[in-house]
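1. Provided below are the primary sequence and the corresponding predicted coordinates.
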Amino acid sequence: MKKNYMKTLFIALLFLGIRTANSQCSANFIYTIGGSGNVTFTSTSVGTTSNTIYNWTFGDGNYATNFNNIFANNVYSSNGTFVVNLFIYDTISVSTCSAGISQTINISNAACGGTASFSGYPGSGGVYNYYSTSTGIAPNSTYFWNFGDGNTLNSGTTGNSAHTYTASGNYSVTMVVTDPLSICSYTTVQTISVTVASCSLTASYTYTNGAAGYVYFVSTSTITSGTTNYYWNFGDGFYGSGVATNHTYASNGIYNVQLQIYDSISFACSSNLTQTITISNVPCVAVSSFSVTKDSSVAFTWKAWPAYSPNILAASWNWGDGNTSLGLYPSHTYSAAGMYSICLSVTVSCTTGTLSSTTCVNSNIYKMIAGTGSASMVYINVINASAAGIKEVKSSALITNLYPNPNNGNFTIDISNIDAALKDLELNLYNVIGEKVFNSHLNPLNGKVSSDLNLETLPNGTYFVKIQGMSKTNKVVIMR
């Protein structure tokens with residue numbers, strides 16, 4: 001079973017009216033629930049042929065894609081309610097047959113194979129932050145916390161919590177996770193050490209604007225010492241450190257710049273300040289560059305990846321076959337494969353008016369197999385890279401260990417169950433506001449990866465690890 005990299009496309013087609021009166025087929029299915037969460041699905045769709053593709057999403061992150069095969073099977077690892085989708089289409093002509101249907105199923109006999117675990121890190125003033133790192137837990141499970149000082153919390157379906165301790169000491173913290181049907185329950189206990197100490201650090205800073213986006217920052221924070229660390233978030237995805245620093249912005253705009261200060265002896269002692277700065281002296285440039293790549297997951301389909309400027313006003317695509325499209329992320333269908341000169345023209349907004357730029361790329365838009373009629377067509381989609389996120393690959397990879405967590409920026413990551421054909425695995429790290437701050441490529445060996453991640457250049461804080469092809473996001477905390 002594999003993670004559903006087509007899930008977004010499937011749902012979009014299903015709810016944008018793919019089941020219309022013009023379709024010559026109709027999707028439907030029945031299912032049988034067996035033991036230990038094992039469910040067999042059978043398509044009862046009508047109007048199908050030997051050229052029909054059956055795309056299943058099982059509601060738990062698993063999916064199946066079958067050609068001319070009406071049967072599918074999924075083993076649910078947790079109890080709960082799941083929405084199962086079936087989307088069918090004809091490989092010869094999508095316009096002839098394309099339809100979808102959703103059904104809700106209830107699983108109550110899955111094996112209780114989950115594992116409860118959590119991590120925590122101290123805040124300031126006796127606050128301790130906790131977040132669940134449990135695995136194999138059903139969606140919408142509930143979390144109950146006993147903080148070891150006589151206080152408890154039911155955090156509902158949120159696996160994160162925070163508690164303020166009034167006295168220093170060691171506390172035995174218990175987390176209990178229960179699935180939505182109250183069938184499976186998992187408990188874990190950890191002992192944490194809390195130091196309640198006063199903190200008088202107060203973050204503040206000044207800045208000076210220079211030429212062409214250059215800004216000089218200097219901390220004016222008070223009650224600091226030789227053990228104070230300084231970390232800067234410039235608001236454009238870049239970071240700095242030190243009492244004084246500088247940064248050059250690539251484009252004009254309004255940025256929220258944050259200074260975070262920490263005591264390296266007492267991590268719980270910290271302060272931060274965010275100020276809004278305006279950059280207006282960066283030279284205006286119109287960017288129209290793009291690349292074209294083969295879509296490895298969909299037959300006869302290509303992708304165009306543009307690099308738009310933040311101040312873009314309009315974009316026009318000339319597909320090289322006499323057709324054009326307006327918009328940032330359009331799609332186009334070629335009537336036949338061939339060599340096409342694809343051109344992108346953009347217009348951007350500048351303080352002095354507008355600028356335009358055009359870039360053309362000669363692309364060989366070919367097919368892997370021959371075809372006639374509608375099968376001779378070739379498709380190209382312009383991709384929003386920020387929305388697309390991680391590259392789509394077929395992988396059921398699973399992070400089995402990410403440790404020590406928290407630490408000072410040196411982590412070890414273990415990944416298993418990687419498809420044997422996959423020779424490169426992309427890892428991205430995002431901060432709490434969704435900005436990508438780190439990227440690395442891992443090389444699997446025998447379906448596994450064990451690699452060290454050096455994140456010492458990043459400031460203290462919480463980050464999220466995302467591996468291509470994986471639906472789960474793992475959290476790491478950097479503290480020095």
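-> Looks like it came in fine.
2. tell me the mean pLDDT for stretch 100-115?
-> Taken as a whole, stretch 100-115 has a mean pLDDT of 87.
3. now swap in stretch 286-299 and tell me
-> pLDDT averaged over stretch 286-299 gives 79.
4. all helices of this protein, in order?
-> 7-15, 385-388 (DSSP state H).
5. Tell me which residues touch the residue lying closest to Leu442 once chain neighbours are set aside, please.
-> Nearest residue to Leu442, sequence neighbours excluded (Cβ to Cβ, 6 or more residues apart in numbering): Leu425, at 4.3 Å. Quick note: C-beta positions are derived from backbone N, CA and C, even for glycine. Applying Cβ atoms under 8 Å, 6 or more residues apart in numbering to Leu425 gives the contacts 395, 397, 415, 418, 441-444, 449, 467-468.
6. Please name the nearest non-neighbouring residue to Thr352.
-> Spatially, and ignoring its direct neighbours in sequence, Thr352 is nearest to Cys284 (7.3 Å; Cβ to Cβ, 6+ apart).
7. so how far is Cys350 from that neighbour?
-> Using Cβ to Cβ, to the nearest Å, we find Cys284 at a distance of 3 Å from Cys350.
8. intersection of neighbour lists for these two?
-> By the contact definition Cβ under 8 Å, 6+ apart, Cys284 and Cys350 are jointly contacted by Asn311.
9. In the stretch 151-300 of the chain, where is pLDDT below threshold?
-> Counting by pLDDT under 70, the low-confidence segments of the stretch 151-300 of the chain come to 197-198, 265-268.
10. how does it look with 80?
-> 166-168, 195-200, 237, 250-252, 263-270, 285, 295-300 (pLDDT under 80).
11. can you map out the strands along it?
-> Under the criterion DSSP state E, counting those that start in this stretch, the stretch 151-300 of the chain contains strands at 152-156, 160-164, 169-178, 185-194, 205-209, 214-219, 228-233, 239-241, 244-248, 253-263, 270-279, 290-294.
12. that older thread, so what's the residue count around the residue nearest to Thr352?
-> Residues lying near Cys284 (other Cβ atoms under 10 Å) number 16.
13. ok, now Thr166?
-> 11.
14. ok, it touching Val196?
-> Yes - applying Cβ atoms under 8 Å, one finds Thr166 in contact with Val196, separated by 6.8 Å.
15. between these two, what contacts are shared?
-> In contact with both Thr166 and Val196: Gly126, using Cβ under 8 Å, 6+ apart.
16. Can you give me the neighbour number for Asn140?
-> Neighbour count for Asn140, taken as other Cβ under 10 Å: 13.
17. Next, it: phi, psi?
-> Per-residue torsions, Asn140: phi 70, psi 20 (degrees, to the nearest 10).
18. what residues are up against it?
-> Per Cβ under 8 Å, 6+ apart, neighbours of Asn140: 80, 157, 180.
19. With adjacent residues omitted, what lies nearest to the first one?
-> This means Gly80. With Cβ to Cβ, 6+ apart, the residue lying closest to Gly80 is Ala138, at 4.3 Å.
20. Give me the mean pLDDT for stretch 302-319.
-> For stretch 302-319, mean pLDDT rounds to 83.
21. ignore the last one, stretch 411-418
-> 80.
22. buried residues in it?
-> Using 16 or more other Cβ atoms under 10 Å as the test for burial, stretch 411-418 gives 411, 413, 415-416, 418.
23. ok so, going back, can you say which of the contacts of Asn140 are buried?
-> Using 16+ other Cβ under 10 Å, the buried ones in the contacts of Asn140 are 80, 180.
24. which one of the contacts of Asn140 sits closest to Ser221?
-> Thr157 (38.8 Å; Cβ to Cβ).
25. Report the contact partners of Leu259.
-> Here Leu259 is in contact with 203-205, 217, 219, 221, 230-232, 272-274 (Cβ under 8 Å, 6+ apart).
26. Grab the nearest non-local neighbour of Thr220.
-> Thr220 sits nearest to Ser204 (Cβ to Cβ, 6+ apart), 4.7 Å away.
27. typo on my end, Ser117
-> In space, not counting the residues next to it along the chain, Ser117 is nearest to Thr133; the distance is 4.7 Å by Cβ to Cβ, 6+ apart.
28. Could you report the neighbour count for that neighbour?
-> Using other Cβ under 10 Å, Thr133 has 16 other residues around it.
29. and if you look at the one 10 residues further on?
-> Counted with other Cβ under 10 Å, the burial measure for Tyr143 works out to 23 neighbours.
30. And Gln275, how far from Thr333?
-> Gln275 is 49 Å from Thr333, by Cβ to Cβ.
31. and if you look at Asn408?
-> 53 Å.
32. before we move on, what about Ser200?
-> Ser200 sits 65 Å away from Thr333, going by Cβ to Cβ.
33. Between these two, tell me which one has more neighbours.
-> Set Ser200 next to Thr333 and count neighbours by other Cβ under 10 Å: Thr333 wins out with 14 against 9.
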